[in-house]
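K.L.:
Give me a 3D structure for the following:
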Amino acid sequence: MASDAPPRRRNATATREAILKSARAAFARSGYDGTGVREIAQGAGVTAMMINRYFGSKEQLFAEVVADTMADPVILTRENLGSEDLAASMARALVDLTAPDAEPLDGFQIMFHSAASRHAAEISRDQIEQRHQRAMTQALSGGLAPERAALALSLVAGVQVMRQMIGLKALTEADPEALEALLTPLFRALIEGEG
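P.N.:
Numbering: from 1, shown residues only. Presented below is the predicted three-dimensional model:
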């Protein structure tokens with residue numbers, strides 16, 4: 001029995017976005033190694049062949065998803081990086097971001113769940129270096145700026161792990177203002193460096 005409905009036209013942009021959305025959710029939930037192309041395809045309502053057509057491979061799709069999660073930073077925003085007190089701004093943003101009722105960011109969950117995969121870790125590292133570390137380094141002056149920027153990012157990631165993923169009670173039950181007061185001088189030491 002023939003349908004009178006006109007054939008559905010493909011919308012390449014919508015298909016691409018559906019694949020990215022499905023992949024982002026799957027990688028955040030299960031990491032790189034725990035996510036299959038078929039699962040992503042099913043979530044996007046396409047075939048696995050379409051993923052290869054649009055992205056070339058699971059690896060390239062993962063790289064694009066990671067880059068996409070870093071496109072809108074939460075801590076290293078323009079406002080925070082331009083703040084008169086970057087240390088206090090970063091501490092406040094980190095405490096808010098990791099509040100006990102806050103959902104962990106997709107990008108963080110993807111990194112956390114994919115870190116055991118050497119290949120996924122390399123992709124994540126490249127994206128972090130190109131985006132977050134570069135932005136943080138540019139906000140610093142003085143010696144060892146790249147190293148200080150990397151340590152500041154490590155402090156952010158460490159708090160995310162311990163407060164959001166592990167749920168260390170000393171951090172989940174802490175007064176937010178007390179946490180900000182403790183974190184601010186740590187960020188300040190890294191931001192200002194020596195002398």
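K.L.:
secondary structure class for residue 19?
P.N.:
Reduced to three states with DSSP: H, G, I helix; E, B strand; the rest coil, the structure at residue 19 is helix.
K.L.:
Could you list the low-pLDDT ranges of the chain?
P.N.:
1-10, 195 (pLDDT under 70).
K.L.:
one more time with 50
P.N.:
The model of the chain has pLDDT under 50 over residues 1-3, 5-8.
K.L.:
can you map out the helices along it?
P.N.:
In the chain, the helices defined using DSSP state H lie at 12-30, 37-44, 48-55, 58-69, 78-81, 86-97, 106-114, 118-128, 134-138, 145-159, 169-172, 176-192.
K.L.:
Could you tell me the angle between the first one and helix 48-55?
P.N.:
For helix 12-30 against helix 48-55, the angle by axes from the mean of the first three to the mean of the last three Cα atoms, to 10 degrees is 110 degrees.
K.L.:
what's helix 12-30 in contact with?
P.N.:
By Cβ atoms under 8 Å, 6 or more residues apart in numbering, the residues outside helix 12-30 that reach it are 35, 39-46, 50-51, 54-55, 61-62, 64-65, 68-69, 106, 109-110, 113-114. Heads up, the C-betas are built off the backbone N, CA and C, glycines and all.
K.L.:
ok so, going back, mean neighbour count added to the helices of the chain, as CSV?
P.N.:
Shown next, in CSV, are the helices of the chain (neighbours: other Cβ atoms under 10 Å):
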stretch, mean neighbour count
helix 12-30, 18
helix 37-44, 19
helix 48-55, 17
helix 58-69, 20
helix 78-81, 13
helix 86-97, 21
helix 106-114, 22
helix 118-128, 16
helix 134-138, 17
helix 145-159, 18
helix 169-172, 12
helix 176-192, 16
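K.L.:
any idea how far the residue nearest the centre of the chain lies from residue 61?
P.N.:
With distances taken as Cα atoms, centre = their mean, residue 107 lies nearest the centre of the chain, 2.4 Å away. From residue 107 across to residue 61, the span is 15 Å (Cβ to Cβ, to the nearest Å).
K.L.:
And residue 90, by the same measure?
P.N.:
Distance from residue 90 to residue 61, counting by Cβ to Cβ: 31 Å.
K.L.:
Using CSV, write out every CA atom in stretch 96-106.
P.N.:
The C-alpha trace of stretch 96-106 is given here as CSV (Å, rounded to 0.1, in the frame of the first residue of the first chain):
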residue,chain,number,x,y,z
ASP,A,96,28.9,26.4,42.6
LEU,A,97,29.7,23.9,39.8
THR,A,98,30.3,21.1,42.3
ALA,A,99,27.4,21.8,44.7
PRO,A,100,25.9,18.6,46.0
ASP,A,101,22.7,19.1,44.0
ALA,A,102,24.5,20.1,40.8
GLU,A,103,24.7,17.6,37.9
PRO,A,104,28.4,16.9,36.8
LEU,A,105,29.2,18.5,33.5
ASP,A,106,29.1,16.2,30.5
